[in-house]
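Asker: how would this look folded up:
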Amino acid sequence: MSNNYEKIVSLMFAVGRNIRDHGTREDSPYNPSLIKLEIMKLISKGGLNMRDVTAYLCTKAPTTTSFVNDLVKSKLVSRKADRKDRRSINLSLTTLGQKVLIEKYDTRGQHFREVLAKLTSAELTNMEKTLEKIQKIYKDKK
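Answerer: Down below sits the predicted model:
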């Protein structure tokens, strides 16, 4: 069991690095990192504030603030104080942010589709179920 565990952990890190490296080579305003792209996708659904993004990412507020600050500085996301609760900051994509999200999400999505197309239907089903189970374990730990 120990060898399997170590191999799985190593593979998870290796796959994570490959996803990151193939997802983006540089973090520029118009080539956001995968995590910033995921934040943009979440914000695009509308009606979200910083607290929502922090909960989604399972991070601490300062970490979320740092990511969002970069997106605001790049003019991809805008902040606005909530009229009902001034302590709450609402987030929305700018027009540029919407354009970048569509372009980059499509590009990265195509890359993932090409990689996943090399797996059989059974492998994809097994992968999906395993990832869902791992995600549930983390959510239940909260």
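Asker: any idea how far the nearest residue to Leu71 once chain neighbours are set aside is from Thr59?
Answerer: Residue nearest to Leu71 in three dimensions, not counting chain neighbours: Val77, with 4.0 Å by CB to CB, 6 or more residues apart in numbering. Where you see a C-beta, it was placed from the backbone N, CA and C, and this is true even at glycine. Going from Val77 to Thr59 by CB to CB, to the nearest Å gives 16 Å.
Asker: which one's more surrounded, these two?
Answerer: Taking other CB atoms under 10 Å, Val77 and Thr59 do not tie; Val77 has more neighbours (26 against 15).
Asker: quick one, phi/psi of that one?
Answerer: phi -130, psi 150 (degrees, to the nearest 10).
Asker: repeat that for the one 10 residues further on.
Answerer: With angles defined as degrees, to the nearest 10, Arg87 sits at phi -70, psi -20.
Asker: can you report how many residues lie near it?
Answerer: 9.
Asker: from Ile102, how far off is the residue nearest to Leu71?
Answerer: Distance from Val77 to Ile102, by CB to CB: 15 Å.
Asker: same check on Lys136?
Answerer: 31 Å.
Asker: can you tell me the helix or strand for the spatially most central residue of the chain?
Answerer: The residue lying closest to the centre of the chain (CA atoms, centre = their mean) is Glu38, at 3.0 Å. Element membership for Glu38 (DSSP states H and E) is helix 34-44.
Asker: next secondary structure after that helix?
Answerer: The helix or strand immediately downstream of helix 34-44 is strand 48-49, counting by DSSP H and E.
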